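>>> Take a look and give me a structure for this.
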Amino acid sequence: MFIFVGQPLNVASKIEQKVIMNQPVKVVKGQHFTYYVKTQNGIVSSVVAKSPRQLAPASYFIQDANQCTKKLIMRIPLRLAKWQYDCPSGVYNYTTFGVPGNLNTIVKMMR
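Modelled structure (predicted):
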């Protein structure tokens with residue numbers, strides 16, 4: 001399932017509305033991930049993907065990620081990696097963290 005940051009939220013499956021930390025979030029359950037999506041005016045501003053077994057690749061959230069310049073910002077081996085993607089459509093922060101059984105991927109549009 002692809003949920004592109006900076007694009008309208010177009011998901012055919014069931015979307016559940018929740019409030020997490022006083023912010024409205026759309027929860028989408030996919031085959032491998034549970035996505036927590038924040039939107040502003042119908043446009044996706046950030047996505048958190050959670051899974052017990054795998055990390056979501058950047059191509060699930062950043063359109064044409066292979067055409068972007070990727071830069072490592074910070075890394076803690078086996079725990080966290082933070083990347084910055086400079087793309088023609090904007091700048092994105094892509095962060096992966098967690099331990100096996102609780103893996104998270106966060107993608108935010110910076111500008």
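>>> Was I right to think residue 92 contacts residue 106?
No - contact criterion Cβ atoms under 8 Å: residue 92 and residue 106 do not qualify, at 10.4 Å. Every residue, glycine included, has its C-beta placed from N, CA and C.
>>> which one of those two has more residues nearby?
Neighbour tally, residue 92 and residue 106, criterion other Cβ atoms under 10 Å: the higher count belongs to residue 92, 25 against 18.
>>> Report the contact partners of the more buried one.
Counting by Cβ atoms under 8 Å, 6 or more residues apart in numbering, residue 92 touches 5, 58, 61, 62, 68, 84, 85, 107, 108, 109, 110.
>>> which residues of this structure fall in strands?
Counting by DSSP state E, the chain has these strands, from start to end: 15-20, 23-29, 34-40, 43-51, 69-76, 80-87, 90-99, 102-109.
>>> what number of residues lie near residue 101?
Neighbours of residue 101 (other Cβ under 10 Å): 8.
>>> excluding its backbone neighbours, what's nearest it?
Spatially, and ignoring its direct neighbours in sequence, residue 101 is nearest to residue 52 (5.1 Å; Cβ to Cβ, 6 or more residues apart in numbering).
>>> Pull the contacting residues for the one you found.
100, 101, 102, 103.
>>> With residue 65 instead?
With Cβ under 8 Å, 6+ apart, residue 65 has these contacts: 57, 58, 59, 85, 87.
>>> okay, the residues you listed in a markdown table with neighbour count and distance to residue 28 next?
Below are those laid out as a markdown table (neighbours: other Cβ atoms under 10 Å; distance: Cβ to Cβ, whole Å):
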| residue | neighbour count | distance to residue 28 |
| --- | --- | --- |
| 57 | 13 | 17 |
| 58 | 18 | 18 |
| 59 | 12 | 17 |
| 85 | 23 | 22 |
| 87 | 17 | 23 |
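>>> now those residues as a markdown table including distance to residue 38?
Output for these, formatted as a markdown table (distance: Cβ to Cβ, whole Å):
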| residue | distance to residue 38 |
| --- | --- |
| 57 | 20 |
| 58 | 18 |
| 59 | 20 |
| 85 | 18 |
| 87 | 19 |
